[in-house]
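Engineer: Next come a sequence and a model predicted from it.
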Amino acid sequence: MLPLSPPISILMYHQVGHFKNPKLHRAVYCDVGRFKRQMAWLKWWGYNVISLADAYAGLYEGKQIPEKAIVLTFDDGCDNFREYAWPILKKYHYPVTVFLVAGLLGQTTRWMDDVPEHASLMDAQTIRSLRKEGVGFGAHSINHVRLSECPPEVAREEIFGSKARLEDLLGEVIPDFCYPYGNYNERIVDMAAEAGFKTGLTCIRAAANYARSPLELPRKAISYGDTLPGYFWKIHMKNRPKNPDRAGNKG
């Protein structure tokens with residue numbers, strides 16, 4: 001049985017930068033000024049920002065979980081992470097995991113077909129450079145597709161292939177996977193396990209302590225409109241999952 005206390009909040013970010021009050025997909029955007037204040041706030045109030053590997057060890061291997069534990073994750077691998085988020089994270093020595101769309105490196109967020117402008121994705125050279133600086137990377141499929149809606153052979157290639165491509169790129173094991181759109185089912189979880197992933201990150205809104213398995217870790221989405229009180233509320237109050245729907249459609 002998982003320890004339910006102290007809670008581990010895995011926070012989900014996507015893009016950090018300057019945005020013109022987006023009307024759609026607000027959970028995809030975080031203003032850099034707010035991000036800077038959020039990271040300073042974590043430091044000021046004594047939060048323990050731990051790695052995804054340490055969270056796994058605390059939940060599943062008996063390692064002590066620190067009080068006020070936070071894990072920082074970024075989906076998609078947008079280039080604005082390098083420009084805006086990473087300098088702030090590096091300042092505080094915060095560990096982070098960025099989930100990459102392995103087949104679209106150096107391209108754009110073209111799966112977001114209802115936004116006025118697509119964001120650029122980090123290329124291979126940038127990813128290797130950031131890895132040397134301490135950024136952790138995980139897999140986010142090959143093409144950012146809804147895995148539970150794919151034919152089995154396509155879903156399998158998206159999962160297995162993304163792991164293989166990133167391991168070839170970085171020359172190390174990639175243990176972490178993130179389901180695009182939070183979309184998955186039992187078949188997809190089984191494939192992720194078979195591929196050799198240790199963790200699978202979802203869009204279920206809750207503390208990680210309420211995970212059904214290490215391949216179904218909940219996260220808390222940080223949205224464009226979150227004020228510091230709202231940020232605090234998500235971390236401390238939004239711990240129990242309301243509707244732990246495997247076939248989520250969040251981001």
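Structural biologist: Right, received. Where do you want to start?

Engineer: Apart from its chain neighbours, what residue comes closest to H14?
Structural biologist: V28 (4.3 Å; Cβ to Cβ, 6 or more residues apart in numbering). For every residue, glycine as well, the C-beta is placed using N, CA and C.

Engineer: Tell me the pLDDT of the one you found.
Structural biologist: V28 carries a pLDDT value of 91.

Engineer: Touching, it and Q15? I think so.
Structural biologist: Yes: if you go by Cβ atoms under 8 Å, V28 and Q15 touch, sitting 5.8 Å apart.

Engineer: Closest to the centroid, which residue in the chain?
Structural biologist: Closest to where the C-alpha atoms of the chain average out (Cα atoms, centre = their mean) is T73, at 3.6 Å.

Engineer: for whichever strand or helix holds it, packing partners?
Structural biologist: Secondary structure assignment for T73, by DSSP states H and E: strand 69-76. Using 3 or more Cβ pairs under 8 Å, 6 or more residues apart in numbering; DSSP states H and E as the contact test, the elements touching strand 69-76 are strand 8-13, strand 48-49, helix 52-60, strand 97-100.

Engineer: Tabulate the ones you listed (a markdown table), appending mean neighbour count and distance to M1.
Structural biologist: Listed next are the helices and strands packed on strand 69-76 as a markdown table, based on neighbours: other Cβ atoms under 10 Å; distance: least, Cβ to Cβ, whole Å:
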| stretch | mean neighbour count | distance to M1 |
| --- | --- | --- |
| strand 8-13 | 25 | 15 |
| strand 48-49 | 18 | 23 |
| helix 52-60 | 20 | 11 |
| strand 97-100 | 26 | 25 |
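
Engineer: Apart from its chain neighbours, what residue comes closest to K220?
Structural biologist: Per Cβ to Cβ, 6+ apart, closest to K220 is K234, 4.9 Å.

Engineer: and that neighbour, what pLDDT?
Structural biologist: 94.

Engineer: The strand or helix carrying it versus strand 69-76: what angle between them?
Structural biologist: Assigning secondary structure by DSSP H and E places K234 in helix 228-237. Using axes from the mean of the first three to the mean of the last three Cα atoms, to 10 degrees, the interaxial angle of helix 228-237 with respect to strand 69-76 works out to 110 degrees.

Engineer: Just the buried residues of stretch 124-136, please?
Structural biologist: Buried residues in stretch 124-136, defined by neighbour count with 16 or more other Cβ atoms under 10 Å: 126-127, 130-131, 135-136.

Engineer: what sits up against that stretch?
Structural biologist: 51-53, 77, 79, 82, 86, 90, 95-98, 100, 105-106, 122, 137, 169-170, 176 (Cβ atoms under 8 Å, 6 or more residues apart in numbering).
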